[in-house]
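Asker: Pasting a predicted model and its sequence here:
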Amino acid sequence: MTTRAWSRPTAPCRRELLGFAAAGLLAYAVDLALFTCLRGPAGLGPLTAKALSFVAACSVAYAGNALGTYRDRRISGLRPYAAFFLVNLAGAAVQLLCLAVSHYGLGLTSQRADTVSGAVVGMALATVLRFWGTRTWVFRAEGRVGSWTG
């Protein structure tokens, strides 16, 4: 038996997925470029550089989603940005958890294993969490919480 959640995405859902992906790719590029600049020419430590690049990337992703993907949803104040930031922190925690389980729990300690667990598996799971959290808690439509209809 096929349910609505597993059927082919509707046009609004497809637009939402593409918009979310575009905002996320732009945010990733900002994160990577800023981290590289802060670590290199600016000479900041790795944790400071990453924290600053993470906040900047979250801000870019939020703006991309608020002004693009979810522009038809009414939002105001700091609550949506704070919720978006928390959803992204949860995504970062998922990536770190995948890396920790693989590296320390399973003993897969090579650079390749760390990359696969943190940047591939962790990023995939974190992206699903971020998409769900963004549409459910940040830019939810009136009267719905996370439905798959547009």
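Answerer: It's in.
Asker: For the worst-scoring helix or strand of the chain on mean pLDDT, buried residues please.
Answerer: The helix or strand with the lowest mean pLDDT-type score in the chain, counting by mean pLDDT, DSSP states H and E, is helix 111-115 (a mean of 90). Residues residue 114 are the ones in helix 111-115 that count as buried (16 or more other C-beta atoms under 10 Å). All C-beta spots, glycine's among them, are computed from the backbone N, C-alpha and C.
Asker: Which other helices and strands does the helix or strand just after it contact?
Answerer: Moving toward the C-terminus from helix 111-115, the next helix or strand (DSSP states H and E) is helix 122-133. For helix 122-133, the packing partners by 3 or more C-beta pairs under 8 Å, 6 or more residues apart in numbering; DSSP states H and E come out as helix 11-39, helix 79-100.
Asker: Try it again at 6 Å.
Answerer: The contact analysis (3 or more C-beta pairs under 6 Å, 6 or more residues apart in numbering; DSSP states H and E) places helix 122-133 against helix 79-100.
Asker: Residues touching the helix it packs on, excluding its own?
Answerer: Contacts of helix 79-100 from elsewhere in the structure, counted by C-beta atoms under 6 Å, 6 or more residues apart in numbering, are 58, 62, 117-118, 121-122, 125-126, 129-130, 133-134, 137-138.
Asker: try 7 Å this time
Answerer: Counting by C-beta atoms under 7 Å, 6 or more residues apart in numbering, the neighbours of helix 79-100 from elsewhere in the structure are 58, 62, 114, 117-118, 121-123, 125-126, 129-130, 133-134, 137-138.
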